[in-house]
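Visitor: sequence below, structure please.
(6 chains)
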6 protein chains.
Amino acid sequence: MDYQQQNAYDIGELIKRKGCAILPVGAVEAHGPHLPLGTDNLLAERLAERLAELTDSLALPTLPYGQVWSLQHFPGSLSVSNEALIRILYDIGESLVRQGFRIFVMLNGHLGNMPALKDAARMLYNDHPELKVYYFFYPGTGEAISRIRETPSTHASYFHACELETSYMLYLAEEYVDMDKAIRDIPQIGLEADCTPTPWETFTSSAVLGDATLATKEKGEQVIEASLAAMTAMILGAKQRLQQRREA
Amino acid sequence: MDYQQQNAYDIGELIKRKGCAILPVGAVEAHGPHLPLGTDNLLAERLAERLAELTDSLALPTLPYGQVWSLQHFPGSLSVSNEALIRILYDIGESLVRQGFRIFVMLNGHLGNMPALKDAARMLYNDHPELKVYYFFYPGTGEAISRIRETPSTHASYFHACELETSYMLYLAEEYVDMDKAIRDIPQIGLEADCTPTPWETFTSSAVLGDATLATKEKGEQVIEASLAAMTAMILGAKQRLQQRREA
Amino acid sequence: MDYQQQNAYDIGELIKRKGCAILPVGAVEAHGPHLPLGTDNLLAERLAERLAELTDSLALPTLPYGQVWSLQHFPGSLSVSNEALIRILYDIGESLVRQGFRIFVMLNGHLGNMPALKDAARMLYNDHPELKVYYFFYPGTGEAISRIRETPSTHASYFHACELETSYMLYLAEEYVDMDKAIRDIPQIGLEADCTPTPWETFTSSAVLGDATLATKEKGEQVIEASLAAMTAMILGAKQRLQQRREA
Amino acid sequence: MDYQQQNAYDIGELIKRKGCAILPVGAVEAHGPHLPLGTDNLLAERLAERLAELTDSLALPTLPYGQVWSLQHFPGSLSVSNEALIRILYDIGESLVRQGFRIFVMLNGHLGNMPALKDAARMLYNDHPELKVYYFFYPGTGEAISRIRETPSTHASYFHACELETSYMLYLAEEYVDMDKAIRDIPQIGLEADCTPTPWETFTSSAVLGDATLATKEKGEQVIEASLAAMTAMILGAKQRLQQRREA
Amino acid sequence: MDYQQQNAYDIGELIKRKGCAILPVGAVEAHGPHLPLGTDNLLAERLAERLAELTDSLALPTLPYGQVWSLQHFPGSLSVSNEALIRILYDIGESLVRQGFRIFVMLNGHLGNMPALKDAARMLYNDHPELKVYYFFYPGTGEAISRIRETPSTHASYFHACELETSYMLYLAEEYVDMDKAIRDIPQIGLEADCTPTPWETFTSSAVLGDATLATKEKGEQVIEASLAAMTAMILGAKQRLQQRREA
Amino acid sequence: MDYQQQNAYDIGELIKRKGCAILPVGAVEAHGPHLPLGTDNLLAERLAERLAELTDSLALPTLPYGQVWSLQHFPGSLSVSNEALIRILYDIGESLVRQGFRIFVMLNGHLGNMPALKDAARMLYNDHPELKVYYFFYPGTGEAISRIRETPSTHASYFHACELETSYMLYLAEEYVDMDKAIRDIPQIGLEADCTPTPWETFTSSAVLGDATLATKEKGEQVIEASLAAMTAMILGAKQRLQQRREA
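Guide: Below you'll find the model as predicted:
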């Protein structure tokens, strides 16, 4: 259910009943020739819609600007600083507390946002202990990924515009994918990339980390549904604990 | 033309050709019983689409969180600080310079954002003089407004969920307006409201500042088109000066 | 009554009795050939003296440095940042609370200070709700101005070293005005000046926005007295409400 | 020569000729029963006037708010943070560079301001090496003080509202001193006061650190003239070096 | 070779010759009953000594305070903020550039420091591109760990006071380990711990994440030597590239 | 007693019993040809060990980076900003409060750190009044110094790598002193050095301010023991007052 489409006369009752707000957080970033710059926004937004349904929550409008340090020099990428991100997320969280929410889900579609999300969550945890804050980046997908993946991972934590992310897009936002342009581009990412500031132009010109031609809607479905199941379980658990505290 | 739907292989050429990026900036804020919380976002977004067409520019994804200090205690309002807003706008502006843009338009749908927009624009002006930055909040509409308005203004600079703004919505986003719920609520706003911090609950419980029942699509058209004309003239002027400098 | 001329043994009782502190805030800024750089300081200071008498308040020493971004490149202008201004005003406000004041009036003589004053006032409002904070920039003068003005306004909100401001100086600080040097210089200020960072050298070399030769002490008197009446009414109202709360 | 009394048409030439701006920095602070709260402002201001004459410099309007942590709980004291002070001083310094000044003198009347002045001076030194910045707090007075003082110092670096400071006031601003109220109050200030945050209410209720009844105009004259001589020598030296560099 | 034991007359030549500074960064944090609070400092320090020898570099004094949010409520833990850490690391890096170093290694012994180290490294990369910055947390140890580990990992990225870290201590700082007190404590760490702020007291009271009784010096040797080899290779590579640039 | 050598199971009881934590704060800074760069760290550390014994307190690991603005261009000096220092000291102080300490001693070995230490102490005083904070830089040594010193002081507050500091090192860390390299170098430091930013290269190339060849262990003993006695008295006094409050 879309938060910003509601009016101010009805929203109070809805907040009281649902208690949980889901904020899609993405980025504008180069994603190869076959995926749009807004890939991370689209994924976060579509996931948020589904998750809002599954958990009877309210979906907030997408925060579409993220920390894109690593790809900032690729065509089309727009990057904002950790400081900007932390501050705006904290302020949104404070507003949600004021409005009566007790669960705040940051549904993230861009790995580079994680440090800022985690910091903002900790600040809210310290200052507003009554608010449960989640930061989600495809949790609970390890098993599904190892099942569907045909190409080995190019990096322990990065995946980008590849078999995986393209599959997610085919499942959630197929109309924005141009599989005719999908390419296979498997870079060598050395150990040093984890130990020193390393803009991605050092090891890729396409920004595709793997074989996007192997992407399928079905692969996307398996990973995305696994992730939705994991997120749903956590939110419903939090709602239940909230309910119990209220009844106690 | 929607920026984030483009891919990284095509965008470089588009930026070079168009040179101007339009960022809709709005807010999530109480707008009475007949308009959605996202009214300012919807207006900014629809205006940006039109303006991008009129000026051959690229429309960025909407920044949907604004400074809503005055209405922060109204149901549904979400507010972020000036600091957060200034910082994220500045960072977006810097990214645009890096990507090759030379004109950055902040198309604002929410009056409370103006000080932050102006500050961010001045910071970019100081640090990146090669970037022309605009902050627009319905410029060039004075004449049209005085022509169409049937009720007197309740305040020198505020208008909100009233005859004017509801007319804008009827013209630009009619599907989100519920005229059956439109009300007339004309508050007395004393001189003191301009001289001391004054949350709006002091003078209104509806957040409607005027007579929304008098709103019409036609009134909206006249003001909005006047504003689009004024903005178009300024951007095309800037583009022309840019062109002249390049040729010189 | 001048605050800083009092001694520490007497001031406690005076604060208790008067309850209201008035801080003149000005700027050092180019004001044409006939007015001194300190015009905004002089106006704020003289107004504060009058207002302190009219409302039985204490006048603090003038904060003589303001935000002068627009005229910073004119000879003699000194500018401080919004951040500096906000922080020092906030700190002064906190000190006043600690000393027992319950009303804090920022009497401003320079338009460019308004965003900083408003921000500082909101921060104090949030953190010290027991302190009533006013930020005044010639409130309640609309009617008087439209009555006395002979030349049309060059801009919706700016007036500078012109018929108006020179008249204020003639009424409040005549000894600093050199009418022999007064000039008439009516710039064209386009719509763009409200939509993009626009240093004033873009449209004026004199920094006079109008016809200073038309200034008279009598015009000044009418506007200034209207403003003093409006400010006095607000402060006395606040004092009365304070009194009522104390008695309740 | 008073800077803010000049007009914008004449000031450019004056800056070019004089090259040095003197900023009095003071504080509003309890100074016992016989001296006004504005003592530090008055001393800084009067010294600045004299120093401007002696060195052919321009005297800026006084910055009358200082860091008064130690006496913030005494009646009448107003305190601003080091951060606010550093920032506003830095901004003033930057404006002076922009206006063409090459020597910036912070003439300080309040010991508590020294860390902020020193920090601001270092920041300006780093960012604007072409600007010579001085922070003066009665330099070169050691010999004169040891000659005129009749009571021993209560502390290695503090003096306050005592034989010394009262004498300075008698020499520079006699009209604000009420010697009939002068008292003798010699506190014991232990070693601990230099090693742990120690508000002055810990060791004095009068804020007088010594015997103010021994103050005389003649004592003040000797110390103040020694200080003026020392400051004058430094500024004239700086002017001379500037002149030499220009001629080279 | 210990940097701070050198004197100022010799150090210039040493910096020129060695070119690389190694900063051990650790933390003071609960590490169960058998390891000291300073475990992360000791490991970072000993590793730095070895690495300095292996790469002909200079070892700086240890920065012994780290970000310990997760265990801040455990007895003995001391935590500093990311902001403090980033700022001090950035300042140290700037000093190293000024002194002529061209390689700066942050040798980290505490996982919680990684976001701050990475941020500081990026800031230095942006502002001082001539400085190569590394942030190391046991790089290149995956193979060795999977070879020696007898108990499964309790978490994808955490290890703490367990079979692994205790082995590292036995190899590098045996005199601080009390194996008689070593315990086995294998907590269940749910998926939620990666998705919401989770102080460790939620899932452990010992702060031991595994079976410390299985630790041996030999296991430590294998992992630590693997890590030293990986770090040595990267630093020598960087030195070689530096040398090549200088010769070119 | 060394804090970081303790384990988390025992430390709680120790904190309760001892109540006081001593943090050595130093710097890495040029100290002439005969003393190491880490002189201020070594002095602070050794003093902290002694003081911990004398007062039954816990000695924390040394913070070895300080504000070295004045000597930042001397070979080997590393400098961090006041801001970094204040923030990390404040965070350490907050952690100590959380752990149950009630006395926090910053034992400083570097004069340039004093403003930061004082600021951090005041911030902790404001926010955590239950914590007694000391900042010590050789307190109570005036009498001893005037007794042992053979050469006059080159400056009212500076001493550096000279007869005094070298004597301290001979007494506390003799193994790091190379008296064969000790030199005599007595600079002229003019009044201006206290009134304008003055890097030390202006008046010395050795960074030795006096005659280091006159240093002896016995001189060091007299000053250091005087200082330890003064610090011990203050801490034991604070402990006693704490004890009394607990019993009351």
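
Visitor: ignoring the adjacent residues along the chain, who's closest to the residue in chain A that chain D sits nearest to?
Guide: In chain A, no residue comes nearer to chain D than A:Glu83, which is 17.6 Å away by C-beta to the nearest C-beta. C-beta here means a position set from N, CA and C on the backbone, and glycine is covered the same way. Counting by C-beta to C-beta, 6 or more residues apart in numbering or on different chains, the nearest residue to A:Glu83 once its immediate chain neighbours are dropped is B:Arg87, at 6.2 Å.

Visitor: longest helix of chain A?
Guide: In terms of residue count, the longest helix belonging to chain A (DSSP state H) is helix A:217-247.

Visitor: and the average pLDDT for that helix is what?
Guide: Per-residue pLDDT over helix A:217-247 has a mean of 97.

Visitor: and that helix, how far out from the chain's middle?
Guide: The chain centroid and the centroid of helix A:217-247 are separated by 14 Å, computed with C-alpha atoms, centre = their mean, to the nearest Å.

Visitor: mean confidence for the helix or strand hosting the residue nearest to A:Glu83?
Guide: B:Arg87 belongs to helix B:82-99 when assigned by DSSP states H and E. In this model, helix B:82-99 has an average pLDDT of 98.

Visitor: which element follows it toward the C-terminus?
Guide: Next element after helix B:82-99 (DSSP H and E): strand B:103-108.

Visitor: and that following strand, which residues are buried?
Guide: Buried residues in strand B:103-108, defined by neighbour count with 16 or more other C-beta atoms under 10 Å in any protein chain shown: B:Ile103, B:Phe104, B:Val105, B:Met106, B:Leu107, B:Asn108.

Visitor: now pLDDT and distance to chain F too, for the residues you listed, in a markdown table please.
Guide: Supplementary listing: the buried residues of strand B:103-108 in a markdown table, determined by pLDDT from 0 to 100; distance: C-beta to the nearest C-beta, whole Å:
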| residue | pLDDT | distance to chain F |
| --- | --- | --- |
| B:Ile103 | 98 | 37 |
| B:Phe104 | 98 | 31 |
| B:Val105 | 98 | 36 |
| B:Met106 | 98 | 31 |
| B:Leu107 | 98 | 37 |
| B:Asn108 | 98 | 34 |
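
Visitor: and for chain A, the residue most distant from the center?
Guide: When distances to the mean C-alpha position of chain A are computed (C-alpha atoms, centre = their mean), the maximum falls on A:Ala248, with 34.3 Å.

Visitor: for the residue of chain A closest to chain D, the count of nearby residues, please.
Guide: 18 (other C-beta atoms under 10 Å in any protein chain shown).

Visitor: can you check A:Cys195 too?
Guide: A:Cys195 is surrounded by 22 other residues when neighbours are defined as other C-beta under 10 Å.

Visitor: so who does the residue lying closest to A:Ile148 once chain neighbours are set aside touch?
Guide: Taking C-beta to C-beta, 6+ apart, and ignoring the residues beside it in sequence, A:Ile148 has A:Lys219 as its nearest neighbour in space, at 4.3 Å. Neighbour list for A:Lys219: A:Ile148, A:Arg149, A:Glu163, A:Leu164, A:Ser167, A:Leu170 [criterion: C-beta atoms under 8 Å, 6 or more residues apart in numbering or on different chains].

Visitor: just the strands in chain A please.
Guide: A:20-25, A:58-59, A:103-108, A:132-136, A:184-185, A:210-211 (DSSP state E).

Visitor: JSON lines for those strands, including distance to D:Leu63?
Guide: As requested, those are arranged in JSON lines below (distance: least, C-beta to C-beta, whole Å):
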{"stretch": "strand A:20-25", "distance to D:Leu63": "44"}
{"stretch": "strand A:58-59", "distance to D:Leu63": "50"}
{"stretch": "strand A:103-108", "distance to D:Leu63": "44"}
{"stretch": "strand A:132-136", "distance to D:Leu63": "43"}
{"stretch": "strand A:184-185", "distance to D:Leu63": "61"}
{"stretch": "strand A:210-211", "distance to D:Leu63": "61"}
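
Visitor: buried set for stretch A:209-218?
Guide: Within stretch A:209-218, the residues that qualify as buried by neighbour count (16+ other C-beta under 10 Å) are A:Leu209, A:Gly210, A:Asp211, A:Ala212, A:Leu214, A:Ala215, A:Thr216.

Visitor: ok, A:Tyr90 touching A:Ala120?
Guide: Yes - contact criterion C-beta atoms under 8 Å: A:Tyr90 and A:Ala120 qualify, at 4.9 Å.

Visitor: name the residue in the two with the higher neighbour count.
Guide: Neighbour totals were compared for A:Tyr90 and A:Ala120, and A:Ala120 leads with 26 against 22 (other C-beta under 10 Å).

Visitor: sorry, back to before: what's the closest of the buried residues of stretch A:209-218 to chain E?
Guide: Chain E has its nearest neighbour among the buried residues of stretch A:209-218 in A:Leu209, at 19.0 Å by C-beta to the nearest C-beta.

Visitor: quick one, what contacts the closest one?
Guide: Going by C-beta under 8 Å, 6+ apart, A:Leu209 touches A:Thr154, A:His155, A:Tyr158, A:Phe159, A:His160, A:Ala161, A:Cys162, A:Asp185, A:Ile186, A:Pro187, A:Ile189.

Visitor: excluding its backbone neighbours, what's nearest the fourth one?
Guide: Pointing back at A:Phe159 there. Of all residues apart from its sequence neighbours, A:Glu165 sits closest to A:Phe159 (C-beta to C-beta, 6+ apart), at 5.8 Å.

Visitor: where does the one you found land on pLDDT?
Guide: Listed pLDDT for A:Glu165 reads 97.

Visitor: quick check, it in contact with A:Leu35.
Guide: Yes - with contact defined as C-beta under 8 Å, A:Glu165 and A:Leu35 form a contacting pair (7.3 Å).

Visitor: neighbour count: those two, which is higher?
Guide: Summary of the neighbour comparison: A:Glu165 and A:Leu35, criterion other C-beta under 10 Å, with A:Leu35 having more neighbours (32 against 26).

Visitor: for that one, what are phi and psi?
Guide: Reported as degrees, to the nearest 10, the phi and psi values for A:Leu35 are phi -120, psi 150.

Visitor: and for the residue nearest to A:Gly210 when sequence neighbours are not counted, the neighbour number?
Guide: By the measure of C-beta to C-beta, 6+ apart, the closest residue to A:Gly210 outside its immediate chain neighbours is A:Cys162, 3.1 Å from it. One way to gauge burial is a neighbour count; for A:Cys162, by other C-beta under 10 Å, it gives 28.
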